[in-house]
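>>> sequence and computational prediction follow.
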Amino acid sequence: MTDSVPPIVSIENLKAYEGELVTVQGWLYAKTGKGRLQFLQVRDGSGLCQAVVFKKNVSPEDFQAAKELTRESSLRVTGVVKADERAPGFPGGYEIDVRSLEPIQVAEPYPIAPKEHGVEFLMKHRHLWIRAPRQWAILRIRANITRALRYWLDEHGFVNVDTPILTPAAAEGTTTLFEIDYHGEPAYLAQTGQLYNEAAIFAFGRVYCFGPTFRAEKSKTRRHLQEFWMLEPEIAFCDLEELMEVQEQLISYVIQRILVENALELRLLERDLTHLERVRPPFPRLHYDDAVAMINRAAEAGEKVPGYDETVPPIQWGDDFGSPHETYLAAQFDRPVFVHHYPSQVKAFYMEPEPGRPEVCRSVDLLAPEGYGEITGGSERMSDPEKLVAAIQKHGLPLEPYQWYLDLRRYGSVVHSGFGLGLERTVAWICGLEHVRETIAFPRMLHYMRP
RNA sequence: UCCUCGGUAGCUCAAUCGGCAGAGCAUCCGGCUGUUAACCGGACGGUUGAUGGUUCGAGUCCAUCCCGAGGAGCCA
C-alpha cells in the first residue's frame, strides 16, 4: 500500500493525521518566502494551516511553483503532518511538511492585503472580504446561531411555518416599506410575519417563522440594515410572563452553545467571553415606570451615557426610549434586561392593554448589554375581538384588510404571545462587533446594495 | 430628512502660512533555512471625488454637486 494516494483531509482535522502523508486543497492566504524555504498559509474553508516548503524536500519545479504562487491562488499541497508550536493558523499547532504541490490557478494580484483597509474599500470587495479570517469566524458563528435557535425551538414543540414575503399592506402601519408591482397591484416586502404566525398558532399551538424582513427606513447606523433576518416565535396559551421565560431560556441556550462550539471563532475575534458566560436565566425585569424613574434620576445627576459622550437626556412618562436611553438602561445590568409594560400609545395596535391600567400594554423588549440595543421585541396579543376592532380604529387603520386577522378572535380566541428576534443584532452582540454590516454575507444598507 | 466628519498612488495615510506631489504597504526584480502584517537592496506607481470661482500661483480658500463614515429620528 506504499503507492496509495494520500487522503484529502480538512484542515480542521489535521491533528488526527499527525505523521501521515496527506493532501490539503484550498487557497493561499499568505506566503512568506525565505530563500530555500517558503511558508504557505493555506485556507480550505474549514481552517487555516501553514505548509512549509523546504527546497531540499521537493522537486525544483515544485519549489519554483511555490515561489510563484500569489495570494488566493488555488492549490493542492501534499506532505507530512507535523506538530509544531510555531505553526500559525486555526486550529493551528500543526503544519504540513510539503513533499509536492500542485497550483490549480495562480491568482491575479489580490486587492485585499492582510492589513488595515477602510470600510468603503472592504464593502466594495465584500465578495472577497468574506474569505478573511475575521469574516470567516463571524459568518460561521452566525450559521451556528441560526442552527441553535432552530434546534431549541424544534425541541420545544415549535413548528416552523414560513410566512409570506410579498404582502398586501403594512402589518403594523408604522415603518416604511419597500413597494413592488404585484401584477398591477401594489404589494410590499414583509416587515414581519407576525400576523400570519398568529393564524398559524391556532393550527399548531407553537410556531415560528425565520426569514428576511425589509425596512425602507432611512436609517444609517451601526444597528440597521434594509434587509435583515428575523426569528419570530408565536405561542398559544402564553402570557407576558411566560413569554419572557421562553426568551431567556432560548437566548441563554444559544449563547452557552456558541461558547462551546465556536470557541475557536470567538478567540479569533478576541471576544471578551466574561459577558457571554453570565448570560443565564433569569434575566432582570424592569417595568417601564421604573425605567423612566431610573433614566430621570441619572439625567438629574448628569450621568454620562456609556460610549456616547453625552449625558442621559431626561424623558417624559409616555415617550418611547431613544437610543441613548436604551444604552444607559442596558449598561446598568450585567446581562440582557427585559423592559416591559411600555405605554400603549408608542406600541402597535395589537398589544394587550394591562387590565385596570390600559395606558400601558403587555409588551416587552429585550435590551442586550454592551450597547447592542434592542435584540427582541414582543408582547401578549389582544385576544378580545371587540377590543381589537376598537384598537384598529383608534390607530386610524382600515378594518377591511384585517377581517381575516379578526377572524382569529372569533373562532376560539386564546391568550397568546410572541416576539421577534433580530438575527444580525444578536450576531453582532455575541461576536462583539462594532457594526451589523459584518454579520451577514452581503448586507443591504441605505443606498448600498453592491455586490 | 437633519447634524458632524471625511474623499491625495492599487491600499493606509502625510504634505507647515496658499509656494517643487511624499512615505509605508502591495506589485515586479535580486538576496536570505523558521517566517507570523518577515527583513535587506532596487524598480514601477498621481486628472489630489467633480464642476466653477478667487489668486502670479490651489491638494490647501469660496460655491455647488457626487460619494463615503458616524450619529439623530425610526426600529430588530
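Great, that's in hand.
>>> residues from the stretch 351-451 of chain A in reach of RNA strand B?
The stretch 351-451 of chain A comes close to RNA strand B at residues A:373-377, A:420-422, A:424-425, A:434-437, A:445, A:447-448, as judged by C-beta under 7 Å from any atom of the strand. For every residue, glycine as well, the C-beta is placed using N, CA and C.
>>> let's see 6 Å
For the stretch 351-451 of chain A, the contact set with RNA strand B under C-beta under 6 Å from any atom of the strand comprises A:373-377, A:420, A:422, A:424-425, A:435-436, A:447-448.
>>> output the below-cut-off pLDDT ranges for chain A.
Flagging of chain A using pLDDT under 70 yields the residue ranges A:1-3, A:170-175.
>>> domains of it?
A:11-105, A:127-284+A:333-439 (automatic domain parsing).
>>> now the ones you listed in CSV, with mean neighbour count?
Putting the domains of chain A into CSV (neighbours: other C-beta atoms under 10 Å) gives the following:
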stretch, mean neighbour count
domain A:11-105, 17
domain A:127-284+A:333-439, 18
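>>> one step back: can you add secondary structure and distance to A:G79 and give the residues of the stretch 351-451 of chain A next to RNA strand B back as CSV?
Compiled in CSV, these are given as follows (DSSP: H, G, I helix; E, B strand; the rest coil; distance: C-beta to C-beta, whole Å):
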residue, secondary structure, distance to A:G79
A:G373, strand, 48
A:E374, strand, 51
A:I375, strand, 46
A:T376, strand, 49
A:G377, strand, 53
A:G420, strand, 50
A:G422, strand, 45
A:E424, helix, 40
A:R425, helix, 44
A:H435, coil, 40
A:V436, helix, 41
A:H447, coil, 49
A:Y448, strand, 43
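>>> export the residues you listed as a markdown table, with columns for distance to A:V161.
Converted to a markdown table, these look like this (distance: C-beta to C-beta, whole Å):
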| residue | distance to A:V161 |
| --- | --- |
| A:G373 | 28 |
| A:E374 | 25 |
| A:I375 | 22 |
| A:T376 | 19 |
| A:G377 | 20 |
| A:G420 | 15 |
| A:G422 | 20 |
| A:E424 | 22 |
| A:R425 | 23 |
| A:H435 | 32 |
| A:V436 | 26 |
| A:H447 | 34 |
| A:Y448 | 32 |
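>>> quick check: the farthest pair among those residues?
Of all pairs drawn from those, the widest gap by C-beta to C-beta lies between A:T376 and A:H447 and measures 28.0 Å.
>>> now the stretch 251-400 of chain A against RNA strand B: closest residue?
The stretch 251-400 of chain A approaches RNA strand B most closely through A:G322 (2.4 Å), counting by C-beta to the nearest atom of the strand.
>>> wait, that residue touches A:E310, no?
No. With contact defined as C-beta atoms under 8 Å, A:G322 and A:E310 do not form a contacting pair (11.1 Å).
>>> show me which of those two is the more surrounded one.
Neighbour tally, A:G322 and A:E310, criterion other C-beta atoms under 10 Å: the higher count belongs to A:G322, 13 against 8.
>>> burial check on the residue in the stretch 101-250 of chain A that RNA strand B sits nearest to, number of neighbours?
Nearest residue of the stretch 101-250 of chain A to RNA strand B: A:G118, at 2.6 Å (C-beta to the nearest atom of the strand). Other residues within reach of A:G118 by the criterion other C-beta under 10 Å amount to 8.
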